[in-house]
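Trainee: got a structure for you, letters missing:
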């Protein structure tokens, strides 16, 4: 177990290195400098700026400098937010994004697993078809379509929920963003749960348990739920990645000052260091959360052998 | 199951065909141009008069024509990008599966590594670093989506290459590339088509996501994602600017997903029987 964890941790290093090198090269291969503006700067000013940000050094040298900073948790200065380092911006934006993401994933699991289980128990009934049609719709419609449409319908047309973030207090402002973020994942998890629940409910040990006179609810809770959750657990990696991507959109639409908003602003302002830093941060997060899911999988399912 | 699958396939493919035809023909019928701005006709609501079916935007441009153009761009990018991923995926998967052994192990290990990469963020970075253009969008989306295809094709090739007719071809001295092209590839057509229909909505999603963020298709060109983005900025006064492209985008994505699902059901049923 410990050995497996360590091996997987070591295995994550090349992946992360690949992301960092690719991202770094892309940013540095960009045509034009990061400070190119409509206003042409005098040559000596430009040279000074290049020197201050070490842009006059050779590419390998810049990479070594960036990597040694990265290992110390220093992602360099932001090109646009002049008084802040990238690490400071990530530290200020991430807690809010984490809060949103955690709420969304909890909601997605609760709603998705319940809906999927109900659909599996009433297989091929009208209820099952309705739930599955909703699930297909939820999968198909992207977050950047759901978010503004829900704002328009629930916040602009009828004032049930606040449309924006700032100025509205309390828990109400969380409702729309969290729901929007969770919706596609609810749909995926419902489909996965239904399929694997149907599979598990058809197995022999369930028939035996039913023959002993267990009620359906005990049957599901005690016997079927755990094995049926395995595909859902292995979907958690992609789900987390999708929620991170989705939060970029949701934060932009609702005006939430989280990491996603910094990312979009950075991308539109061509703030190379900020975007590079956030990409590396997200990539690290995704790779390690995937790792965590894999390890948890082994804890829950002892049949998985660690090689 | 077969019938239900067929009905889903029929309905969703008819809707897609209709939308595509409308997008092709619509701009020819309409008297308006997608570029022409008219400041006397700003933010007009949809109306049948003057063929203003979808209204006008904040620059007075006709939204019916712009939306149809957006659908064309969205579909074009999705189909071409999916073709890119199809070619890469089939070639990669077939070679790995047919050659087998250590080559297969190395090639598939590489795919596993790529799976762990958060591609969407790298694509965003690519769009930030370089000026966005059609070619870059094709390559970026194609590069993301070939992994699934490669895995499926490899699996199919592994089982196909042990079959008698492949062995017979090998015995009479047919070259490896020819075996892959003439004997293995045609036998995978069904499953490849199913996954292609499921790749297209993913490509649409990436393109419209990028355009929504302002990193994909640039003005005055447009796509459904870019139109949704423009609609968000005007939604309080002109809700049609958001609702029409949003509905169409959702409809197209849903149809492709239902089509892929239905085709898979039909295909699975045929394989089982």
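Mentor: Thanks, I have the structure now. All values reported here derive from a predicted model rather than from experimental measurement.

Trainee: please make it C-alpha for all contacts and neighbour counts, starting now.
Mentor: OK.

Trainee: tell me how far the residue nearest the centre of chain A lies from residue B:215.
Mentor: To find the centre residue of chain A, average its C-alpha atoms and take the closest one (CA atoms, centre = their mean): that gives residue A:244, at 2.4 Å. Residue A:244 sits 18 Å away from residue B:215, taking CA to CA, to the nearest Å as the criterion.

Trainee: again, but for residue A:217
Mentor: When distance is defined by CA to CA, residue A:217 is 50 Å away from residue B:215.

Trainee: can you pull the buried residues of the strand or helix carrying residue A:17?
Mentor: Secondary structure assignment for residue A:17, by DSSP states H and E: helix A:2-29. Going by neighbour count (16 or more other CA atoms under 10 Å in any protein chain shown), the buried part of helix A:2-29 is A:8, A:12, A:15, A:16, A:19, A:20, A:23, A:24, A:26, A:27, A:28.

Trainee: and the residues you listed near chain B, which?
Mentor: On the criterion CA under 8 Å from any CA of the partner chain, A:15, A:19, A:23, A:26, A:27 are the entries of the buried residues of helix A:2-29 that sit beside chain B.

Trainee: in TSV, list those residues along with pLDDT.
Mentor: As requested, these are exported to TSV (pLDDT from 0 to 100):
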residue	pLDDT
A:15	82
A:19	85
A:23	86
A:26	84
A:27	82
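
Trainee: pick out the most distant pair among those residues.
Mentor: Based on CA to CA, the longest span within these runs between A:15 and A:27 and measures 18.5 Å.

Trainee: who's in contact with the closest residue to chain A within the stretch 101-250 of chain B?
Mentor: The shortest separation between the stretch 101-250 of chain B and chain A is 4.7 Å, found at residue B:129 (distances taken as CA to the nearest CA). With contact set as CA atoms under 8 Å, 6 or more residues apart in numbering or on different chains, residue B:129 has these partners: A:26, A:27, A:29, A:30, A:31, A:270, A:272.

Trainee: ditto for residue A:24
Mentor: Counting by CA under 8 Å, 6+ apart, residue A:24 makes contact with A:63, A:276.

Trainee: how about 10 Å then?
Mentor: Remark: with contacts taken as CA atoms under 10 Å, 6 or more residues apart in numbering or on different chains, residue A:24 is in contact with A:18, A:59, A:62, A:63, A:66, A:67, A:272, A:273, A:276, A:277, A:280, B:125.

Trainee: before we move on, what about residue B:23?
Mentor: With contacts defined as CA under 10 Å, 6+ apart, residue B:23 is in contact with B:17, B:64, B:65, B:66, B:67, B:68, B:69, B:70, B:71, B:72, B:73, B:75.

Trainee: where's residue A:79 relative to residue A:262, distance?
Mentor: The separation that residue A:79 has from residue A:262, given CA to CA, amounts to 13 Å.

Trainee: now the common contact residues for the two.
Mentor: Any residue near both residue A:79 and residue A:262 by CA under 10 Å, 6+ apart counts here, and that gives A:271, A:274.

Trainee: how far does the helix holding residue A:17 sit from its chain's centre?
Mentor: Its chain's C-alpha centre and that of helix A:2-29 lie 18 Å apart, by CA atoms, centre = their mean, to the nearest Å.

Trainee: can you confirm whether the helix or strand following it lies near chain B?
Mentor: If you walk from helix A:2-29 toward the C-terminus, the next helix or strand you reach (DSSP H and E) is helix A:43-52. No - under the criterion of CA under 10 Å from any CA of the partner chain, helix A:43-52 makes no contact with chain B; the nearest approach is 17.8 Å.

Trainee: tell me the helix or strand right after helix A:43-52.
Mentor: helix A:59-71.

Trainee: quick one: buried residues of that next one?
Mentor: Within helix A:59-71, the residues that qualify as buried by neighbour count (16+ other CA under 10 Å) are A:62, A:63, A:67.
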